[in-house]
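Asker: Everything below, folded, please.
(2 chains)
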Amino acid sequence: MFHFIEKKISDRVAELVRAQFGADATVALEQPKQPSFGELAIPVAFHLARQLKKAPKAIAAEIVAALGPLEGVSALEVAGNGYINVRLDRGAYGLGVLRGGGESLPQDSGKIIVEHTNINPNKAAHIGHLRNAVLGDTFVRMLRANGRTVEVQNYIDNTGVQVADVVAAFHYLEQKSAADVEKLLNDPAVRFDYYCWDLYARVSSYFNEHPEALEWRHQTLHAIESGTGELAQLATTIADAIVEYHLKTMDRLGIHYDVLPRESEILHLKFWETAFEQLKQRQAIYFETEGKNKGCWVMPASAFKEQTNEDTEDSKVIVRSNGTVTYVGKDIAYQLWKFGLLGKDFYYRPWKTVYITSAHPQPEGGGPHFGGAESVYNVIDSRQSYLQDVVVAGLRALGYNQQADRSIHFSYEMVVLSPGTAVELGFELSEEDKKRPHIEVSGRKGLGVKADDLIDKLIEKALEEVDSRHPEAPADERRQVATQIAIGALRYFMLKYTRNSVIAFDFQEALSFEGETGPYVQYAAVRARNILRKLAERGQALPDFAHELNQAAFARQLAAEDFWQMLLIASKADSAIDRAVVSGEPAHVARYAFQLAQAYNNFYHGYPVLTEESPEKRTFLLWMTGYFGAQLERTLGVLGIAVPEYM
RNA sequence: GCGCCCGUAGCUCAGCUGGAUAGAGCGAUUGGCUUCGAACCAAUAGGCCGGGGGUUCGAGUCCCUCCGGGCGCGCCA
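Answerer: Numbering: from 1, shown residues only, chains lettered A, B, ... in the order given. Prediction:
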């Protein structure tokens, strides 16, 4: 509702400013510093002051005079040095909310692809991957809540070095056959992704000590690329198994995908070759004949760097002198496909719970269509921004400027461990590491907190609490509630930080259920439900709000400043989500959820609903309870957090 | 060396395209359960917004510079 009014006023003022002053000022609305100033502040007079060479205060007064009465607005006041403060008509506003006025505004504008998770299928997922997946998934939910059409992709690099290393480790280091690995996979006593986690760390350190063993990697990569032989078979088995583990881990967090595009298909369907032709034709890349990049196809640095000293040394190699393509090259091809610009498509088949790409036509034919989006968000950590710039430059060099503008690197900072946490996990730190403010999570070193371990730990902690509060409840139900709380805590923890803030992971903070946490918000939602449940238990029916609450009743009840402020906050969900979408910042939604919960907890504490004696007030309080509850649940839904039956 | 990010309360972080008196949570101190269950609420203390210049009617926010920290800059992905 708030968002609706906001837009209406903003549009109206912008129109007037154009007509009255012939100026094109952006009419952004602000929240007044103090609630007593009103509900909205329009600072437009300040922006006009410079152009018109007039005092802001005078301009503001002119605008107010020209504006006349506005629907839903009870007063416009010039305040401070030139603010226009807006006071809303409380009765009309309350009634508008009750009638569901302007809640959702459908605004579809073409398909948006969001790619996230993208974990190398060679080991278990860790907290760094969790941040990626939770950010991506929440952004998807935000977009959908905003009325957009979204396709979720999780890219699987099943033919890369990381997979090859684990394959080599099984084959050369452990001397295991494909049958042995198969046996290991089916052994219920073995967590295969955890096994690979250790194995990957082991082989990485082995490579460090025995550089000559790197030949294993080359052999394996070669075998994987040819797609035949035992090593290739082993790679497929391992990568598929690990991907399945990742899907299960993410499923615990409520994270799902539409399609899993795989590197192997990009290879076999020759996506790169097609892109290569385009790049050569448009002269986006050139064949280097001298210098250190001699014999390579390179992209000139001027394509992706702001300023360049024309030094060819800065160019980015796309095709190596041995004829193989780099990761960035493949990524350009993949990005072209996402926009439907490659002129090629994958084949798809259902696999587990999603669609996965295939190199061969499927018997049923038809099938789903993926890719061909209008804009693309790649959720990738900020360390890869340089490479993402190169990919975008590739699109631009091909003349796809619009698509380049709509290729968004949805970047975020990494998750690191405090030295204390690293020690707690049983890692031995070098003297150098101990001095550092934090330690980078490293799959190669096997240094990190595994996603499933953290989830399990959170569930156990939540379960202790649930057990002591609800000993009478069935055990499986208690576990269900504890799981929802644990996931709520984890998702919120990953979302409360803005994207470009480094998260220094700390168990104590992550395991907290109090204060600014997911469970705090869940608790508020549960409390609202409890009141309504209690009402039903007493055999009382919910009033017919539309019938019993008219504008005058709302005006009377909302005259109380407390109620008015509470209703305002509760009605700002759309506004908060929209702002978060525009700024690409899921943390804004998390923050709003917390503020909403705070407001509700105040309401809950200050105004006993069921014992209220005044009939009108009681009806109003019940309505507020329902509305708060609905807004809390909706916001939590956008955050991917469930509301437990009880807490 | 070049590029990007960060520096705000003891700790962890917000602060929307520059706007009115800089905010939360945790921790600390104090108070509140008579079940709409306290995973809560209330109150108090705590700040040269890293330093210095500048732009502006107005700067935590923009520009320059310095200091401190992180991350990139491969014919790895």
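Asker: contacts and neighbour counts: CA atoms only from here.
Answerer: Noted.
Asker: neighbouring contacts of stretch A:222-237?
Answerer: A:Asn158, A:Thr159, A:Val163, A:Ala164, A:Val167, A:His171, A:Ala178, A:Val181, A:Glu182, A:Thr220, A:Leu267 (Cα atoms under 8 Å, 6 or more residues apart in numbering).
Asker: how about a cut-off of 6 Å?
Answerer: A:Val167, A:Ala178 (Cα atoms under 6 Å, 6 or more residues apart in numbering).
Asker: How about the closest residue to RNA strand B within the stretch 51-200 of chain A: what's its closest non-neighbour residue?
Answerer: Going by Cα to the nearest atom of the strand, RNA strand B is nearest to A:Gly80 of the stretch 51-200 of chain A, at 4.4 Å. Computed as Cα to Cα, 6 or more residues apart in numbering, the closest residue to A:Gly80 that is not its neighbour in sequence is A:Lys57, at 8.0 Å.
Asker: The strand or helix carrying that neighbour vs RNA strand B: in contact?
Answerer: Following DSSP states H and E, one finds A:Lys57 within helix A:56-67. No: under the criterion of Cα under 7 Å from any atom of the strand, helix A:56-67 makes no contact with RNA strand B; the nearest approach is 8.0 Å.
Asker: show me where the stretch 251-400 of chain A has helices.
Answerer: A:263-268, A:271-281, A:327-338, A:385-397 (DSSP state H, counting those that start in this stretch).
Asker: give me the low-pLDDT residue ranges for the stretch 1-150 of chain A?
Answerer: For the stretch 1-150 of chain A, applying pLDDT under 70 flags the ranges A:23-26, A:101-108.
Asker: Residues of it that sit close to RNA strand B?
Answerer: Near RNA strand B, when you scan the stretch 1-150 of chain A using Cα under 7 Å from any atom of the strand, you find A:26-34, A:37, A:41, A:43, A:46-47, A:49-50, A:79-81, A:83-85.
Asker: cool, the stretch 301-450 of chain A as well?
Answerer: A:314, A:316-317, A:319-322, A:325-328, A:382-387, A:436-437, A:440.
Asker: Mind checking which of these land in strands?
Answerer: A:Lys316, A:Val317, A:Val319, A:Glu440 (DSSP state E).
Asker: filter those to the buried ones?
Answerer: A:Lys316, A:Val317, A:Val319, A:Glu440 (16 or more other Cα atoms under 10 Å).
Asker: if we can go back for a sec, for the helix holding A:Lys57, list every residue counted as buried.
Answerer: A:Pro56, A:Lys57, A:Ile59, A:Ala60, A:Ala61, A:Ile63, A:Val64.
Asker: Please apply the same query to stretch A:224-243.
Answerer: A:224, A:227, A:231-232, A:234-243.
Asker: can you redo these as a markdown table with distance to A:Gly367, pLDDT and secondary structure?
Answerer: Formatted as a markdown table, these follow (distance: Cα to Cα, whole Å; pLDDT from 0 to 100; DSSP: H, G, I helix; E, B strand; the rest coil):
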| residue | distance to A:Gly367 | pLDDT | secondary structure |
| --- | --- | --- | --- |
| A:Ile224 | 28 | 92 | helix |
| A:Gly227 | 26 | 87 | coil |
| A:Leu231 | 32 | 93 | helix |
| A:Ala232 | 28 | 93 | helix |
| A:Leu234 | 29 | 94 | helix |
| A:Ala235 | 27 | 95 | helix |
| A:Thr236 | 24 | 94 | helix |
| A:Thr237 | 25 | 95 | helix |
| A:Ile238 | 27 | 96 | helix |
| A:Ala239 | 25 | 96 | helix |
| A:Asp240 | 22 | 96 | helix |
| A:Ala241 | 25 | 97 | helix |
| A:Ile242 | 26 | 97 | helix |
| A:Val243 | 22 | 97 | helix |
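Asker: Considering only those residues, which also neighbour RNA strand B?
Answerer: Of these, not one also sits near RNA strand B (Cα under 7 Å from any atom of the strand).
Asker: List phi and psi for the residue in the stretch 451-600 of chain A that RNA strand B sits nearest to.
Answerer: Closest to RNA strand B within the stretch 451-600 of chain A is A:Gly515: 3.2 Å, counting by Cα to the nearest atom of the strand. A:Gly515 adopts backbone torsions of phi 80, psi -140, taken as degrees, to the nearest 10.
Asker: what's in contact with stretch A:177-192?
Answerer: So stretch A:177-192 is in contact with A:Leu234, going by Cα under 6 Å, 6+ apart.
Asker: Please enumerate the strands of the stretch 401-550 of chain A.
Answerer: Per DSSP state E, counting those that start in this stretch, the stretch 401-550 of chain A carries strands over the ranges A:407-412, A:415-417, A:439-440, A:503-505.
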